[in-house]
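Q: Sequence first, then the predicted structure:
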Amino acid sequence: MAPAGLPHALCVELARAAVADGPEHWSKEAALARAEHHARTLLTPVVNATGVLLHTNLGRAPLAIEHPAQAINVEFDLTTGERGSRQAAVGGVLASLCGAQAAMVVNNNAAAVMLVLAALARDRQVLVSRGESVEIGGGFRVPEVMEQSGAHLVDVGTTNRTRLADYSKALGRKGADVALVLKVHPSNYRVEGFVEDTPVEQLATLPVPVVADIGSGLIDANCPWLGGPPPAWLAGEPAARQTLEAGAALVTFSGDKLLGGPQSGIIAGDAALVAACARHPLARALRPGAHVLLALQQLALAYLDRSAARTVPFWQMVATSSDELRRRARAVVAEAGVGEVVDSEAIPGAGSAPGTVIPSVAVRLRGDHLALLRTMRPPVVARTRDGATLLDLRSVHPSDDPHLVAALRACAS
């Protein structure tokens, strides 16, 4: 290995680029700096001290994926000895978890929404409230996804108020050919004031299927895996089980948000509609690999046996008490010899439960040290407020506390 831990072949390319840039880039120091800069562009573990539990730019839900270096029966039926379904095993477990007839997995929730629209509504109309025709992170826009799927968007209601009568009126228009109603979770924003939307219970009375994109992936509003009442900050967050019970034909949601799993999208609900999605040609292009399927299966089993609060990193972060965070923060400050312990507010992140906060504890250091923290090994990503740097403990795994100590000492020196 060459400087910065890079393979020799990469260093040769960097050296050639330096030569092309001119003599001022030919020194040993410049070469090492170039190699170090390139190394920092590669994927690497970081310490998330931002207080954003599901940080989209940091991979959302932290999860250890362990895949043995062995063959796995991804599409092999061990009973018949013949080719099986990639979706059968994990889809069955996820269906049980959601209280659905069937479920399937694709590579993210945007893919799930597109596949549903392409399979069930191509060349037909889909009703969407104007208040839910949203854009979320990464430029995901409902109208554009609708266009790519081949379905035709029909806006109903207004930006702030949409009633059941608005949907009924659109269904009754001359020439209407409505395939389904799409209800979209606003995800990363919240409209307040003179507002009204139509709940799934009412939409389910319409003569077309209701597809609810709940986005964040909360499985059950009661959070039975926590062994107590659900956190207050989850109030109002749509959940897969309750949405299906309310009459939705399908729900779509992310696997790497409140579910706490790998990047994936899940379609769950009516067996015939899920089967139609699975048969569509796009399903093959959007299917996940063995690593994701195995990780999701293990995750779903953890929820079913009520061990998720102990084994799923996201819910471990949520369940940690403020007293425990304060104890850790004090220990970090005492060992580093710098910083002060302050109350803080963490957020779920990734568009989950927008506008809500979770009580937390942080280590505060005067000044802006974000750039220096990012040079640590591993890099530490924090946030600033009121001229000070905050390292929020709720999003930091306890095993990373020693890295916070080292980072604080570096900032002090």
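A: That came through fine. Numbering: from 1, shown residues only.

Q: hey, let's count contacts and neighbours off CA atoms from now on
A: Will do.

Q: residue boundaries of the strands in the stretch 1-150 of the chain?
A: Using DSSP state E, counting those that start in this stretch, the strands found in the stretch 1-150 of the chain span residues 47-48, 102-106, 125-129, 135-136, 140-141.

Q: Let me know the secondary structure of residue 361.
A: strand (DSSP: H, G, I helix; E, B strand; the rest coil).

Q: residues in contact with it?
A: 322, 325-326, 329, 341-345, 392-394 (CA atoms under 8 Å, 6 or more residues apart in numbering).

Q: In helices, which of the residues you listed fall?
A: 322, 325-326, 329 (DSSP state H).

Q: hang on, residue 67 packs against residue 289?
A: No. In this structure residue 67 lies outside contact range of residue 289 using CA atoms under 8 Å: 11.5 Å.

Q: Can you turn the buried part of the ones in helices among the contacts of residue 361 into a PyMOL selection?
A: Of the ones in helices among the contacts of residue 361, the buried ones go into a single PyMOL selection, burial set by 16 or more other CA atoms under 10 Å:
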select buried, resi 322+325+326+329
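
Q: could I get the ones in helices among the contacts of residue 361 as TSV with distance to residue 387?
A: Formatted as TSV, the ones in helices among the contacts of residue 361 follow (distance: CA to CA, whole Å):
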residue	distance to residue 387
322	24
325	23
326	22
329	20
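
Q: Turn the ones in helices among the contacts of residue 361 into CSV, columns for distance to residue 130 and pLDDT.
A: Formatted as CSV, the ones in helices among the contacts of residue 361 follow (distance: CA to CA, whole Å; pLDDT from 0 to 100):
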residue, distance to residue 130, pLDDT
322, 40, 96
325, 42, 98
326, 44, 98
329, 46, 98
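
Q: Residue 44 versus the nearest residue to residue 107 once chain neighbours are set aside, what's the distance?
A: Nearest residue to residue 107 in three dimensions, chain neighbours excluded: residue 264, at 4.3 Å (CA to CA, 6 or more residues apart in numbering). In this view, residue 264 and residue 44 are 21 Å apart by CA to CA, to the nearest Å.

Q: between these two, which one's more packed in?
A: A direct count of neighbours by other CA atoms under 10 Å for residue 264 and residue 44 places residue 264 higher, at 24 against 10.

Q: who touches that one in this structure?
A: Applying CA under 8 Å, 6+ apart, one finds that residue 264 lies in contact with 105-109, 254-256, 288, 292.

Q: Pipe the residues you listed into TSV and attach neighbour count and pLDDT per row.
A: Listed next are those as TSV, based on neighbours: other CA atoms under 10 Å; pLDDT from 0 to 100:
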residue	neighbour count	pLDDT
105	31	98
106	29	98
107	21	95
108	21	94
109	25	92
254	29	95
255	28	96
256	26	96
288	19	95
292	22	95
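
Q: residue ranges with poor pLDDT in the chain?
A: 1-4, 136-140, 187-190 (pLDDT under 70).

Q: Show me the domain layout of it.
A: 47-62+315-412, 88-308 (automatic domain parsing).

Q: wait, residue 342 sits on residue 362?
A: Yes. Residue 342 lies in contact with residue 362 (CA under 8 Å); the separation is 5.4 Å.

Q: sorry, back to before: please identify the most buried of the strands of the stretch 1-150 of the chain.
A: strand 102-106 (a mean of 28; mean count of other CA atoms under 10 Å).
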